[in-house]
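Peer 1: got a predicted structure plus its sequence, pasted below:
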Amino acid sequence: RIQTKSGKLQIGYVGKFYPNGHSKGVEDILELSRIREPLSELFNISLTGGTEREILKLQSEIFDRQLSIQNLEVNPHVPHAVALEKMRNLDVIILPKPASEDYLGFPLKCIEAVATGRIVLAAKCRTYTDIFSDLFQPYWYEPGDASSLYNSIIQALSDSDLEAKINTGLAFAEQFSWETRTKNIVSNLFEDSID
């Protein structure tokens with residue numbers, strides 16, 4: 001797939017950058033762009049989904065960290081269908097750790113990432129470890145550690161079972177489709193009415 005494209009691995013994140021003022025962990029990707037500098041011929045990095053205010057905050061972070069904006073593509077918020085297309089155009093999707101400890105809910109974005117059939121890297125944190133089961137595990141990295149993130153990318157690319165892992169991820173994501181969830185609800189309702 002990479003050989004048929006630009007020859008560079010497309011690595012990125014799609015989602016809000018700082019919802020409610022709390023980082024979604026995009027700093028990991030900023031630091032990965034620092035590692036990328038000497039390896040720029042190998043991969044491109046992008047962040048997609050920021051509001052105008054979030055992009056300004058991100059640009060401030062880039063300035064504070066003395067990073068070159070040329071090393072990182074930053075895109076604004078896009079409609080959901082476009083966001084899914086952006087994910088499908090990536091080779092590696094990163095799911096960083098949200099900074100807020102108060103995060104509640106089910107991050108549907110991670111299921112959408114797995115459903116694209118791309119390599120998925122997730123920060124090892126409760127937000128994601130509670131979702132992924134024995135059926136499927138993404139490639140894990142230590143949050144806040146760009147070297148760990150980079151090494152996980154290399155591990156994924158050299159994994160002889162990569163294709164099988166991606167197919168397992170697709171089967172895992174299918175459990176969360178509207179069709180499957182609706183069938184499960186109807187099936188449970190039917191069983192309850194028989195009892």
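Peer 2: Cool, got the structure. Just so you know, these numbers come straight off a predicted model, no measurement behind them.

Peer 1: hey, let's count contacts and neighbours off CA atoms from now on
Peer 2: Fine.

Peer 1: count the neighbours of residue 15 for me.
Peer 2: By the other Cα atoms under 10 Å criterion, the neighbourhood of residue 15 contains 20 residues.

Peer 1: who are the contact partners of it?
Peer 2: Taking Cα atoms under 8 Å, 6 or more residues apart in numbering, we find residue 15 in contact with 47-50, 77, 109.

Peer 1: most neighbours among those residues, which one?
Peer 2: For those, the largest number of neighbours (other Cα under 10 Å) sits with residue 47, at 25 neighbours.

Peer 1: that one contacts residue 14, doesn't it?
Peer 2: Yes. With the criterion set as Cα atoms under 8 Å, residue 47 and residue 14 qualify as a contacting pair; they are 6.0 Å apart.

Peer 1: for the chain, what spans make up the strands?
Peer 2: Per DSSP state E, the chain has strands spanning 9-14, 43-50, 73-76, 92-95, 119-123, 139-141. These are given in chain order.

Peer 1: could you list the paired strands of the last one along with their orientation?
Peer 2: Next to strand 139-141 in the sheet, as set by DSSP bridges, lie strand 119-123 (parallel).

Peer 1: okay, the partner strand in PDB with CA atoms only?
Peer 2: As requested, the backbone C-alpha atoms of strand 119-123 are provided in PDB (Å, rounded to 0.1, in the frame of the first residue of the first chain):
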ATOM      1  CA  ILE A 119      -2.600  -0.100  12.000                       C
ATOM      2  CA  VAL A 120      -3.900   1.300  15.300                       C
ATOM      3  CA  LEU A 121      -1.600   2.500  18.100                       C
ATOM      4  CA  ALA A 122      -3.100   3.200  21.400                       C
ATOM      5  CA  ALA A 123      -1.700   4.800  24.500                       C
END
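
Peer 1: that strand versus strand 9-14: what angle between them?
Peer 2: Per axes from the mean of the first three to the mean of the last three Cα atoms, to 10 degrees, the angle that strand 119-123 makes with strand 9-14 is 50 degrees.

Peer 1: and the pLDDT at residue 185?
Peer 2: The predicted local distance difference test score for residue 185 is 61.
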